[in-house]
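Visitor: Give the three-dimensional model of this entry:
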Amino acid sequence: MRDVRDGRLPLRHRISHLRSCANHMADKYGVSRSVILDQIGIKDQYGPGELPSASAVLHAAALLDEIKHKGIHGG
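Guide: Just a heads-up that it's a prediction; the model follows:
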C-alpha cells in the first residue's frame, strides 16, 4: 500500500500495486479479485486516457484498508 500512496510513482504503477493488494484481499476472503476491485471502484484494465485520477486511487486504497479491517461487507 505504500507504493499505492506514493505520488512520485506513475499512476499506472500505483494502480498495479493496488490490484496486487486486491489479490491479497481476495485470497484472504476466498473471493475473486474482481469482487474486491468492484468494491473499491478499480477496473481490471484501463485503456489509454481512461486512468482514474490520483485522488480516486487514494480513495480506492482507503476502501481496501476498510475491507482489510472490517471485511468484505463492512461487518
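
Visitor: switch to C-alpha atoms for all contacts and neighbour counts from now on
Guide: Noted.

Visitor: Residue ranges in this structure under the pLDDT threshold?
Guide: Low-confidence segments of the chain (pLDDT under 70): 73-75.

Visitor: Need the residue closest to the centroid of it.
Guide: The centroid of the chain falls nearest to residue 18 when counting by Cα atoms, centre = their mean (3.9 Å).

Visitor: For it, give me its contacts.
Guide: By Cα atoms under 8 Å, 6 or more residues apart in numbering, the residues touching residue 18 are 1, 4, 61.

Visitor: Is there a quick PyMOL command that grabs whichever of those are buried?
Guide: In PyMOL, this line selects whichever of the contacts of residue 18 come out buried by 16 or more other Cα atoms under 10 Å:
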select buried, resi 4+61
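
Visitor: so what's residue 4 closest to, chain neighbours aside?
Guide: Nearest non-adjacent residue to residue 4, counting by Cα to Cα, 6 or more residues apart in numbering: residue 14, 4.4 Å away.

Visitor: Let me know the helix or strand that that neighbour is in.
Guide: Assigned by DSSP states H and E, residue 14 falls within helix 11-29.

Visitor: Which residues in that helix does the neighbour count mark as buried?
Guide: Neighbour-count burial for helix 11-29, counted by 16+ other Cα under 10 Å, picks out 11, 14, 15, 17, 18, 19, 21, 22, 23, 25, 26.

Visitor: Could you point out the helix or strand that follows that helix?
Guide: helix 33-40.

Visitor: Restrict that following helix to CA atoms and write it as CSV.
Guide: The C-alpha coordinates for helix 33-40 follow below in CSV (Å, rounded to 0.1, in the frame of the first residue of the first chain):
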residue,chain,number,x,y,z
ARG,A,33,-10.1,-10.3,-7.4
SER,A,34,-12.9,-8.8,-9.4
VAL,A,35,-15.1,-8.8,-6.4
ILE,A,36,-12.6,-6.7,-4.5
LEU,A,37,-11.9,-4.4,-7.5
ASP,A,38,-15.6,-3.8,-7.9
GLN,A,39,-15.9,-2.8,-4.3
ILE,A,40,-13.1,-0.3,-4.5
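
Visitor: Which strands or helices does it pack on?
Guide: On a contact count with 3 or more Cα pairs under 8 Å, 6 or more residues apart in numbering; DSSP states H and E, helix 33-40 meets helix 11-29, helix 54-70.
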